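Asker: here is the input, now give the coordinates:
(2 chains)
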Amino acid sequence: MIKRFIARNAPGYIFLSPWLLGFFLLALGPILASLYLSFTKYDMVSDPRWVGFANYEYMFTRDRRFWKALEVTFTYVALAVPARLIMALSVAMLLDKGLRTIGLYRAIFYLPSLLGASIAIAILWRQLFEQNGVVNQVLAVFGIEGLAWITNPDTSLYTLVILAMWQFGSPMLIFLAGLRGIPRDLYEAAEIDGTPKWRQFTRITLPLLAPVIFFNLVLQTIESFKTFSSAFIISNGTGAPADSLLFFTVYLFNEAFKFFRMGYASALAWVLLLIIGAFTAIAFLTSKYWVHYENERD
Amino acid sequence: MAGLTLRNVGKRYGALSIIKGLNLDIHDGEFLVLVGPSGCGKSTLLRMIAGLEDITDGTVAIGNRIVNDLPASKRELSMVFQSYALYPHMTVAKNLAFGLQNFKMPKAEMERRVAEAARILQIEKLMDRKPRQLSGGQKQRVAIGRAIVREPQLFLFDEPLSNLDAELRVQMRAELASLYARLGTTMIYVTHDQVEAMTMASRIVVLRAGKIEQVGTPQELYTRPQNLFVAGFIGSPKINMLQAKVDRASGEAVATVPGLPAFSLPTLPSADDGLTLCVRPGAVHIGAGEVMTQGTIRLVEYLGNESLLHIALSSGQVLLVSDNGKTSYRSGETISIGFDRSDLHYFDAAGQRVEPIQNESRLQ
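Answerer: Presented below is the predicted three-dimensional model:
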C-alpha cells in the first residue's frame, strides 16, 4: 500500500520538492519561532522573556496605533482589491477582443505589475502625486489647483489605491486566460437570441468566469493585506502623514526593526495571518453560492 | 416562415476567398442541406446567413428583405450549434427561456413555449438539470429546444449531430426529420456527412472550395451527378471510376478501359479522347452484365444485408461491388463481374457530366 502510494504520488512530490524543502528548511522554523516569540518580550539583545498573552492583550486593549493600522489596511483592501480586479477584468476584456498585436499589449500592460513592487515605482509615484508633481501640473492646465495628495492625510491612501489599480497585470493575465476559456459559441448563441451586451456580460461572462474571479479575489486580498513596499516608500517608512499610511505591515516593520520590539511584532504578524486566514475562509465558505464549476459533480 | 435568396455572395478574409459568388434560392419551407468536405465554406456560409460573419460581397435576403446589415438577432432565425452551446451554469429550463427573455414576452407565453418545446422533444423530466448532467443526445435536444422556442422563420443547423455516437446520430436524424415534418419551417442544415444529407434533405447543395458544385434533390444528385466531384462525394459505398480511352477510328466510339473488354459507347456530345466512366457499386453484378470481366476478390466486407466486395481487375484497379450478402465469398477467389452500359455515368476530360444522346450501341 505504501509502495503504491509512493508510485502514484512520487512524481508530484518530486516536482514539489524545491518548495517543500524551502518550506521545511527555511520557513517553518522562523514561523514556529515567531509564534513562540509572540508570547515573549524580546529586543534582540537580551534573551526572549515569556510574557504569556501580554502582547495580544496590549494590542487589543491599549494600542491605538494597532487599531489605526487595521483601519488603514482594511480601508485599503476594501478599495484596492475591487479597483484592481475591475481594472484587470476591463483590460482583459479589451484584449480578448482579439487584437493582432495582443502579445505586445499583454506585455506592455503586464509591465507595471513587474515593476510595481519595486522601489523605483513607489518613488516615481511619490513624485507624480507631490505638490509640484505631474498630476497637479496636468490639473493646472485645466485650471484646477491640485492638493498635496501624498502629504494630505485625507487623500494619501487613495493615491496608493490608484497605484494598486495600476498594477493589474497578473490578475489581468489570469482573467484573460479565463475569458479565452469561455466558448465563443455561447456568445454567438446569445447574439442570435438578441441578448444585449450588458446582459451577455452579467449572465454569461461573470458566472462562467466566477472560478477565476474567486481565485483572483483570494489572491489579491492576501496580496493587499500584505502591501508593504509602496506604503513604506511613500510614507518615508513612518506611516505618515498622520498615520494615514500606517499599513499593518509598516507598523509591524517599525515595531520590529525600528523599536526592536520583536515579541510584539511577532504577535502582530500572527494577528495579520489570522485575519488573512479568516478572509480566505469566508471567501471559500461563500464561494459555493456564487462560483459555478464546470466539472463539479452533484 | 421564409425563403432565402443568395445573390453573388462572397466571403474574403484579406486575400483569401472562402465563398465565391454563390447564387442560391432556398424555397419557403424547404429542408436544404449544405454538404461538402472540410474547409469547403459550408459553415462559413451558414454563419453569414445567421449574421455571425460579415458578407463581403453580394446580398443575402430572407423573404424579400436584404439582411446584409441586419444584426443576427433581427433576422428572426435560430441556430443549433455543433457544440450545443448550452449555458453550463443554467438549468435546462433556463437555457430554453434565456433567449425569450430578450424579447419582452409575457411570462405566460414564455412558459407556454418552453413547455411546448419540452413536450415536443421529450425533455420535460430534465428541466431542472444542468447541461453537465445530460447525455450528448439530451444536450442536443435541449439545443434544438432552444431553437424551437423562438418560433423562428428559419432554422440553421451547424453539424448538429457530429458529436453524437453512430447509433444516436441515426436516432436524432429521424427525430429531426419528424420535427421538420411537424414544423414545416425552412431549415438550412450543414453537414460533411453525405448520408445525413441524403436522408434528410429536400434539396442538397454540394459545395467545394467555396463554390456550388450542384444543387438538387437527393435522387437527382445520386442518379445524375453533374461532375466527378459530386459523383464521388454522394453515395456510399463510393462510386467506381474508370478511365477510358475513346477510339473513333471505326466511325463508332469504342471505349478501352484497362482490365475490361473494349465496348462501344453511346453517342456522346463530347469529342474528348479520354472519358471517366462511373458505375455505382450496386450496379456492378456478379456473373451478369453487358460488359463482363474477371476479377480477384481482395477483401470482403460483410454488412449483413449486403456484402461489399473489393475486386481487383487484371489492370490492378479495384472495383467496389455491392452484393446482396446471401452468397459468401472468400478473398483470393476469382469471379466474373459485369455491368450494363445504361448504368454508366459519363464525364468528359474536364470532369463534367456528358449525357448520351441515344442508347443504341451494341457490345462489340
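
Asker: longest helix in the chain, please.
Answerer: Since no chain was named, I'll use chain A. Ranked by residue count and defined by DSSP state H, the top helix of chain A is helix A:64-95.

Asker: other chain: chain B
Answerer: As assigned by DSSP H, the longest helix anywhere in chain B is helix B:166-183.

Asker: rewinding a little: the helix or strand just after the longest helix of chain A packs against which elements?
Answerer: Later in the chain than helix A:64-95, the nearest helix or strand by DSSP states H and E is helix A:102-116. In terms of contacts (3 or more Cβ pairs under 8 Å, 6 or more residues apart in numbering or on different chains; DSSP states H and E), helix A:102-116 is packed against helix A:64-95, helix A:156-166, helix A:169-180. Heads up, the C-betas are built off the backbone N, CA and C, glycines and all.

Asker: and the first one, what does it pack onto?
Answerer: This means helix A:64-95. Counting contacts by 3+ Cβ pairs under 8 Å, 6+ apart, helix A:64-95 packs against helix A:102-116, helix A:156-166, helix A:169-180, helix A:206-225, helix A:248-253.

Asker: what's the angle from it to helix A:102-116?
Answerer: Interaxial angle of helix A:64-95 relative to helix A:102-116 (axes from the mean of the first three to the mean of the last three Cα atoms, to 10 degrees): 170 degrees.

Asker: picking that back up, could I get the helices and strands packed on helix A:64-95 as CSV with mean neighbour count, mean pLDDT and distance to residue A:11?
Answerer: Formatted as CSV, those follow (neighbours: other Cβ atoms under 10 Å in any protein chain shown; pLDDT from 0 to 100; distance: least, Cβ to Cβ, whole Å):
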stretch, mean neighbour count, mean pLDDT, distance to residue A:11
helix A:102-116, 14, 72, 31
helix A:156-166, 21, 89, 38
helix A:169-180, 20, 91, 25
helix A:206-225, 19, 95, 25
helix A:248-253, 22, 95, 37
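
Asker: can I get the ones you listed in JSON lines including distance to residue B:56?
Answerer: Output for the helices and strands packed on helix A:64-95, formatted as JSON lines (distance: least, Cβ to Cβ, whole Å):
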{"stretch": "helix A:102-116", "distance to residue B:56": "24"}
{"stretch": "helix A:156-166", "distance to residue B:56": "41"}
{"stretch": "helix A:169-180", "distance to residue B:56": "27"}
{"stretch": "helix A:206-225", "distance to residue B:56": "32"}
{"stretch": "helix A:248-253", "distance to residue B:56": "58"}
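
Asker: so which bits of stretch A:80-94 are buried?
Answerer: The neighbour-count check on stretch A:80-94 (16 or more other Cβ atoms under 10 Å in any protein chain shown) flags A:80, A:81, A:83, A:84, A:85, A:87, A:88, A:89, A:91, A:92, A:93 as buried.

Asker: wait, what's in contact with the fourth one?
Answerer: So the one you mean is residue A:84. Each residue near residue A:84 by Cβ atoms under 8 Å, 6 or more residues apart in numbering or on different chains is listed here: A:164, A:165, A:167, A:168, A:171, A:220, A:224.

Asker: for the record, mean pLDDT for the longest helix of chain A?
Answerer: Helix A:64-95 shows a mean pLDDT of 94.

Asker: what is the distance between that helix and the centre of its chain?
Answerer: Distance, stretch centre to chain centre, for helix A:64-95: 8 Å (Cα atoms, centre = their mean, to the nearest Å).

Asker: give me the angle between it and helix A:169-180.
Answerer: Here helix A:64-95 runs at 40 degrees with respect to helix A:169-180, directions being taken by the same axes, to 10 degrees.

Asker: got the angle for helix A:64-95 vs helix A:156-166?
Answerer: 30 degrees.

Asker: touching, residue B:163 and residue B:81? I think so.
Answerer: No: taking contacts as Cβ atoms under 8 Å, residue B:163 lies outside contact range of residue B:81: 10.0 Å.

Asker: the more surrounded of these two?
Answerer: Neighbours per residue (other Cβ atoms under 10 Å in any protein chain shown) separate residue B:163 from residue B:81, with residue B:81 holding more: 23 against 16.

Asker: residues in contact with the more buried one?
Answerer: Contacts of residue B:81 (Cβ under 8 Å, 6+ apart): A:185, A:188, A:189, B:143, B:158, B:160.

Asker: one more time with 10 Å
Answerer: Residue B:81 makes contacts with A:183-186, A:188-189, A:192, B:143, B:146-147, B:156-160, B:163, as judged by Cβ atoms under 10 Å, 6 or more residues apart in numbering or on different chains.

Asker: what does residue A:254 give?
Answerer: Residue A:254 neighbours (Cβ under 10 Å, 6+ apart): A:65, A:69, A:232, A:237, A:238, A:239, A:246, A:261, A:265.

Asker: now the residue nearest to residue A:224 when sequence neighbours are not counted: how far from residue A:276?
Answerer: In space, and not counting its chain neighbours, residue A:224 is closest to residue A:77: 4.6 Å by Cβ to Cβ, 6 or more residues apart in numbering or on different chains. Separation of residue A:77 from residue A:276 (Cβ to Cβ, to the nearest Å): 10 Å.

Asker: more crowded one of those two?
Answerer: Neighbours were counted for residue A:77 and for residue A:276 using other Cβ under 10 Å; residue A:77 has more, 24 against 18.

Asker: surely that one touches residue A:272?
Answerer: No: contact criterion Cβ atoms under 10 Å: residue A:77 and residue A:272 do not qualify, at 11.5 Å.

Asker: tell me the domain boundaries of chain B?
Answerer: Domains of chain B are assigned by automatic domain parsing as B:4-231, B:237-354.
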